[in-house]
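Participant: Only the shape, not the letters, is given here:
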DNA sequence: ATAAAACTTTACATCTTTGTAATGTTTTTG
DNA sequence: CAAAAACATTACAAAGATGTAAAGTTTTAT
């Protein structure tokens, strides 16, 4: 289970445009230089983002890309989905690579259930985080990012509560 | 962002052994048949699980595999990590595939921060779910799995709370 | 108009993941 | 002790992901 390269680098490019705001504009060359990527690769990433309607392109001499919506209106879920497809293979049990034609668990697949829940958890997290959140996070530079705080204290207790009280109790 | 095949099928094989309990035993052929996988592939999966110390193997005529610990003592995090490695590339910013030698964000990488948080969220979820949970889930057969319940109501509100109150407030 | 700057598209080489094949090693049973 | 059953290991073919290269199209400035 990994973040793919397309997802990560695509997110970086989109963030660069998000920092410029809706009126701003950057060329592929600009972005490639800022993010330390090759021009052709950056081009490919932006092409994907454009087809997903996250950025718009202006061709020609004074051309470039700009973000299509305000950064606080674009969630990470949209971005990751655009770049990497759905988290869980939609036809989990029907497209089975084993010996049989179909997954032996089609009707009662315990794995499927938990993977769906996992995907739901991830998607929930991603849908609550916007590009604006990332930008503000980057501007802080306090040495400790909110993410660090989050992982070492605070939220962990609340989440534990969810898992023990809500989640486990339902099982 | 996807669950890899190794992770999914490996988990299925381990679950099959978990259902047999610590005293039970299954051969590769048994498991392959139960899960609809080829024998060589099943062999590879179990080999990984054995090297991760999740199952033990008995060689020879009456040989087979058995699970090494009680199913309620094995978390999904262990299993997924054993089969697919860490969720986030550990040297995210140092091993960079762009033009430059190192990632341009080494010191202030906003993407890195949020990806860490995401990984933490996923790991937390995985660490709270044991093989026993999956087995009990599979035994129910109520038509609606707990996962479904989880996704359509209950936990969603609580998680929202986390994201809005705890997480966002800290940002 | 024409050249330069910038986006677009397609093709391709490379690397990783997936799954198979084949061969070797260990233990049991007759 | 020899054959069968079962695990172990290594090598390899196929598919997918990654990143590059090259040629094409559009607009602007001169």
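Facilitator: Great, that's in hand. Keep in mind the model is a prediction, meaning the values are calculated, not measured. Numbers count the residues shown, from 1 in each chain, chains lettered A, B, ... in the order given.

Participant: Quick check: residue A:127 vs residue A:51, distance?
Facilitator: 21 Å (Cβ to Cβ, to the nearest Å). Where you see a C-beta, it was placed from the backbone N, CA and C, and this is true even at glycine.

Participant: higher neighbour count, those two?
Facilitator: In this view residue A:127 and residue A:51 are compared by other Cβ atoms under 10 Å in any protein chain shown, and residue A:127 has more residues nearby, 15 against 10.

Participant: okay but that one is in contact with residue A:80, surely?
Facilitator: No. Applying Cβ atoms under 8 Å as the test, residue A:127 and residue A:80 come out as separate, 10.0 Å apart.

Participant: so what's the residue of chain A found nearest DNA strand D up against?
Facilitator: Closest residue of chain A to DNA strand D, Cβ to the nearest atom of the strand: residue A:60 (2.4 Å). Applying Cβ atoms under 8 Å, 6 or more residues apart in numbering or on different chains to residue A:60 gives no contacts.

Participant: Need the three-state assignment for it.
Facilitator: The three-state assignment at residue A:60 reads coil, by DSSP: H, G, I helix; E, B strand; the rest coil.

Participant: How many residues are close by the closest residue to residue A:30 other than its chain neighbours?
Facilitator: Excluding its sequence neighbours, the residue lying closest to residue A:30 (Cβ to Cβ, 6 or more residues apart in numbering or on different chains) is residue A:64, at 7.3 Å. Using other Cβ under 10 Å, residue A:64 has 21 other residues around it.

Participant: same check, this time on residue A:29
Facilitator: Counted with other Cβ under 10 Å, residue A:29 comes out at 12.

Participant: That one and residue A:37 touch, don't they?
Facilitator: No. Using Cβ under 8 Å, residue A:29 makes no contact with residue A:37, being 10.7 Å away.

Participant: Next, see if whichever helix in chain A runs longest gets close to chain B.
Facilitator: Secondary structure of chain A per DSSP state H: the longest helix is helix A:110-128. Yes. Judged by Cβ under 8 Å from any Cβ of the partner chain, helix A:110-128 and chain B are in contact via A:110-111, A:113-118, A:120-122, A:124-126, A:128.

Participant: relative orientation of the host helix or strand of residue A:10 and helix B:110-128 in degrees?
Facilitator: According to DSSP states H and E, residue A:10 maps onto helix A:5-20. Inter-element angle recorded for helix A:5-20 and helix B:110-128: 130 degrees (by axes from the mean of the first three to the mean of the last three Cα atoms, to 10 degrees).

Participant: Could you tell me the average pLDDT over helix A:5-20, please?
Facilitator: The predicted model assigns helix A:5-20 a mean pLDDT of 94.

Participant: so for the helix or strand just after that helix, what's the average pLDDT?
Facilitator: Scanning forward in sequence from helix A:5-20 by DSSP H and E, the next helix or strand is helix A:28-35. Model confidence over helix A:28-35 averages 94 on the pLDDT scale.

Participant: Same check on stretch A:46-58?
Facilitator: 97.

Participant: Any buried residues in that stretch, and which?
Facilitator: Across stretch A:46-58, burial judged by 16 or more other Cβ atoms under 10 Å in any protein chain shown covers A:46, A:48-49, A:52, A:54-55.

Participant: DNA strand C next: which of the residues you listed are close?
Facilitator: residue A:46 (Cβ under 7 Å from any atom of the strand).

Participant: Sitting in helices, which of the buried residues of stretch A:46-58 do you find?
Facilitator: Per DSSP H, the subset of the buried residues of stretch A:46-58 in helices is A:46, A:48-49.

Participant: could the residues you listed go into a markdown table alongside distance to residue A:25?
Facilitator: Putting these into a markdown table (distance: Cβ to Cβ, whole Å) gives the following:
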| residue | distance to residue A:25 |
| --- | --- |
| A:46 | 12 |
| A:48 | 19 |
| A:49 | 14 |
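
Participant: Run a quick check on residue A:56 versus residue A:65, I expect a contact.
Facilitator: Yes. Here residue A:56 lies in contact with residue A:65, judged by Cβ under 8 Å, at a distance of 7.0 Å.
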